[in-house]
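Novice: Sharing a model prediction with you, sequence too.
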Amino acid sequence: MSNEIKFNEETLALVHKMIKRYPEGKHKSALLPILHIAQAEFGGWLSPETMDYVASILNIKPIEVYEVASFYSMYNLKPVGKCLLEVCRTSSCWTRGAEDVVRHLEKKLGIKEGETTADGMFTIKTVECLGSCGSAPMLQCGASYHENLTMEKVDNLLEEYRAIGKQRSYTDMDYKNTL
Amino acid sequence: MGKKLLIHNDNVPGIATLEVYRQNGGYASVEKALKTMTPADVVEEVKKSGLRGRGGAGFPTGMKWSFLAKPEGVERYLVCNADESEPGTFKDRYLMEKIPHALIEGMITSSYALGAKTSYIYIRGEYFYVARIVEKAIDEAYAAGLLGKNILGTNFSHDCYVQVGAGAYICGEETALLESLEGKRGNPRIKPPFPAIAGLYGCPTVVNNVETIAAVCPIVMMGGDEYAKIGIGRSTGTKLISASGHINKPGVYEIELGLPVEEFIYSEEYCGGIINGRKLKAVVAGGSSVPILPAELILKNDKGEARLMSYESLSEGGFATGTMLGSGGFIVYDETTSIVKNLYTFARFYHHESCGQCSPCREGTGWMEKILHRIVEGQGKPSDVDLLWDIQRKIEGNTICPLGDAAAWPVASAIRHFRHEFEEYINHPERIKDVKHYYSVHQLAGA
Ligand SMILES: Cc1cc2nc3c(=O)[nH]c(=O)nc-3n(C[C@H](O)[C@H](O)[C@H](O)COP(=O)(O)O)c2cc1C
Ligand code: SF4
Ligand code: FES
């Protein structure tokens, strides 16, 4: 990641290709996917500078970006850890031990839900149903679903993520061919 | 074994690829529709089939299609609703992940029927990896001449794109989805105008669920009349059910509508009974928004007849003793479940997901969450149950979109059928610590 808020040539070309999916003059439709890319490329969250940059690319007012970024739960308006552990807390997961998963994570990482570890590695967040109810309990990290969790699985997961030093983000999922 | 039309091939190795999908009869409906039928013929077959929207509301698809305005020189759109965020529902994910071409095939055939040159598949942002799979399938379809200009050498041209959301249950509501697809906040629009008149970019638009669109393929192949023979009464065809909670075999099952609920829960072919041989306590049959029913009312209706998995049977008895098929998100709760705590997870969900446009929904969902929170924490007041009842009554029917009702119904039904449990929490806070709220992971593992 570079510090400058600017997409490289390749990403820009992709963004312009994406805009072509919508009719003439309806390029604002590309805002959600572009914000995903911007978040993945510029540190895992949407800073005001990042949002202003996206506004300039789409030639819309910054406020149009802020109001969208603040509406959707997947956009982080504050920095988060390299691995954002999103544990589903809704009914089906709750019936199968989601609260235990959260408690276990809190104990293992020495932080509370909503907090980030001092080394900036992990953030714990509880989220609403992720469509994985039949394989509960579950957590999402980056683009990956981790399902049918047990405490052992959670421990292994933390080790694995520590070893690679980051979450498998949208970038790792080859988003450039997807969004 | 019931008939399967949508996921009968889900275990064929490589079925996610175009090659294997076609070897198994895939894209035959595109071939048949484009080469031997007029768009009106396709609409007619869908009408005859009795297919009802699988996204939750159960509106007849053929009728919806015939409402589509067709002004000269104005684009029409088909938008696939793959936002799937209703708690307990994961069937669209299963279908798109396992057999993505079933959706693409349905998109092409349906777009032909509607005269749509462009379609979008709006997939919830969290299903990113699923969007990737669908996108790959679209690329394959383009390469094979099934999408793009002059499909299969006919005059019909069509482009299909994936759009990903970014985390908002409300974007499953069709007009909120259209707002989101236009790059805005997901605030539902006031209806009318309905999308059929003014939808995406103000153009006539049909919004259909993933499963609805996929079901169009077998309908075109077998004909509407044959399809209508499957199922029971006005609940024609098959339905994907997402089964979760305290059952031995959670997962997605395709059932023929009309299957007895008892068979669905206990037979080895489906849920395989309750885990650890425990007793059934309650079921949410159609996703979090539908009323919860206690065991005796989900297995049998108020007349003592077996309850069936169909639109009509599940709603028999109205809200006093019945529920709805909804999205087919079937959540099973065993005897150890705290209905109050479970309801709290739902109330928290609706508060989190309210878009905030209407005060009864925005404020009411917040109050309900707060009150339920204090009840589960042992701080409830004797007047709280009536207060909850009052609040949900004031939300229902007083909002722009049905999310308000969806937030009210779980509260109303939990109080209606399990009032004693709320009172126990409030009158005996000292017992709360002994209440087994849920299974721990270790218990589930059979330890
Ligand atoms: C709050 C809310 C959430 C909804 N979520 C979904 C959804 O995730 N998927 C879906 O297909 N329909 C959803 N619906 C229903 C849609 O508004 C719409 O009725 C449906 O997409 C129509 O398609 P169908 O007729 O094929 O079912 C939702 C409705 C509401 C009010
Ligand atoms: S009912 Fe709730 S979600 Fe629907 S428009 Fe009103 S505030 Fe938004
Ligand atoms: S309830 Fe957790 S994924 Fe659906």
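Specialist: Noted; the coordinates are in hand. Residues are numbered from 1 along each chain as shown, chains lettered A, B, ... in the order given. Ligands and ions are numbered 1, 2, ... in the order given.
Novice: For the chain, just list every one of the strands.
Specialist: With no chain named, the answer covers chain A. In chain A, the segments counted as strands under DSSP state E are A:83-88, A:122-127, A:139-141, A:144-146.
Novice: could you do chain B instead?
Specialist: B:77-82, B:118-123, B:159-164, B:205-209, B:231-232, B:235-236, B:238-245, B:251-256, B:259-260, B:280-284, B:292-294, B:308-309, B:329-334.
Novice: Need the winner for burial among the strands of chain A.
Specialist: strand A:83-88 (a mean of 26; mean count of other C-beta atoms under 10 Å in any protein chain shown). C-beta here means a position set from N, CA and C on the backbone, and glycine is covered the same way.
Novice: of all the strands of chain B, which lies closest to residue A:151?
Specialist: strand B:238-245 (20.6 Å; C-beta to C-beta).
Novice: strands paired with the closest one, and their directions?
Specialist: Using DSSP bridges, the strands paired with strand B:238-245 in its sheet are strand B:251-256 (antiparallel), strand B:329-334 (parallel).
Novice: Now do it, average pLDDT.
Specialist: Averaged over strand B:238-245, pLDDT sits at 98.
Novice: next one: stretch B:334-343
Specialist: For stretch B:334-343, mean pLDDT is 92.
Novice: Identify all contacting residues around that stretch.
Specialist: Residues from elsewhere that reach stretch B:334-343, judged by C-beta atoms under 8 Å, 6 or more residues apart in numbering or on different chains: A:91, A:94-95, B:245-246, B:274-276, B:278-282, B:292, B:333, B:372, B:375-376, B:410-411, B:414, B:418, B:421-422, B:425, B:435-439.
Novice: For residue A:41, see how far away the closest residue to residue A:49 other than its chain neighbours is.
Specialist: Spatial nearest neighbour of residue A:49, chain neighbours left out: residue A:5 (4.9 Å); criterion: C-beta to C-beta, 6 or more residues apart in numbering or on different chains. Plainly put, residue A:5 is 9 Å away from residue A:41 if you go by C-beta to C-beta, to the nearest Å.
Novice: Likewise for residue B:2?
Specialist: From residue B:2 to residue A:41 the distance is 48 Å (C-beta to C-beta).
Novice: Distance to residue A:36 and mean neighbour count added to the strands of chain B, as JSON lines?
Specialist: Shown next, in JSON lines, are the strands of chain B (distance: least, C-beta to C-beta, whole Å; neighbours: other C-beta atoms under 10 Å in any protein chain shown):
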{"stretch": "strand B:77-82", "distance to residue A:36": "16", "mean neighbour count": "27"}
{"stretch": "strand B:118-123", "distance to residue A:36": "12", "mean neighbour count": "25"}
{"stretch": "strand B:159-164", "distance to residue A:36": "7", "mean neighbour count": "22"}
{"stretch": "strand B:205-209", "distance to residue A:36": "22", "mean neighbour count": "26"}
{"stretch": "strand B:231-232", "distance to residue A:36": "40", "mean neighbour count": "20"}
{"stretch": "strand B:235-236", "distance to residue A:36": "39", "mean neighbour count": "24"}
{"stretch": "strand B:238-245", "distance to residue A:36": "26", "mean neighbour count": "26"}
{"stretch": "strand B:251-256", "distance to residue A:36": "27", "mean neighbour count": "21"}
{"stretch": "strand B:259-260", "distance to residue A:36": "40", "mean neighbour count": "19"}
{"stretch": "strand B:280-284", "distance to residue A:36": "32", "mean neighbour count": "24"}
{"stretch": "strand B:292-294", "distance to residue A:36": "35", "mean neighbour count": "24"}
{"stretch": "strand B:308-309", "distance to residue A:36": "37", "mean neighbour count": "26"}
{"stretch": "strand B:329-334", "distance to residue A:36": "26", "mean neighbour count": "28"}
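Novice: Including distance to residue B:145, could these go into CSV?
Specialist: As requested, the strands of chain B are arranged in CSV below (distance: least, C-beta to C-beta, whole Å):
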stretch, distance to residue B:145
strand B:77-82, 20
strand B:118-123, 17
strand B:159-164, 13
strand B:205-209, 24
strand B:231-232, 35
strand B:235-236, 33
strand B:238-245, 30
strand B:251-256, 30
strand B:259-260, 40
strand B:280-284, 45
strand B:292-294, 49
strand B:308-309, 40
strand B:329-334, 37
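Novice: Tell me which of these sits nearest to ligand 3.
Specialist: With C-beta to the nearest ligand atom, the closest approach to ligand 3 among these belongs to strand B:238-245: 7.0 Å.
Novice: who's sitting farthest from the centroid in chain A?
Specialist: residue A:24 (29.9 Å; C-alpha atoms, centre = their mean).
Novice: Now it. Its backbone dihedrals?
Specialist: phi -40, psi 130 (degrees, to the nearest 10).
Novice: hmm, back to that, which one of residue B:2 and residue A:41 has more residues nearby?
Specialist: The residue with more neighbours, out of residue B:2 and residue A:41, is residue A:41; 20 against 17, by other C-beta atoms under 10 Å in any protein chain shown.
Novice: Can you verify my assumption that that one contacts residue A:10?
Specialist: No - with contacts counted by C-beta atoms under 8 Å, residue A:41 stays clear of residue A:10, the gap being 11.0 Å.
Novice: Not counting sequence-adjacent ones, nearest residue to residue A:50?
Specialist: residue A:42 (4.8 Å).
Novice: Surely that neighbour touches residue A:6?
Specialist: No - Residue A:42 lies out of contact with residue A:6 (C-beta under 8 Å); the separation is 9.3 Å.
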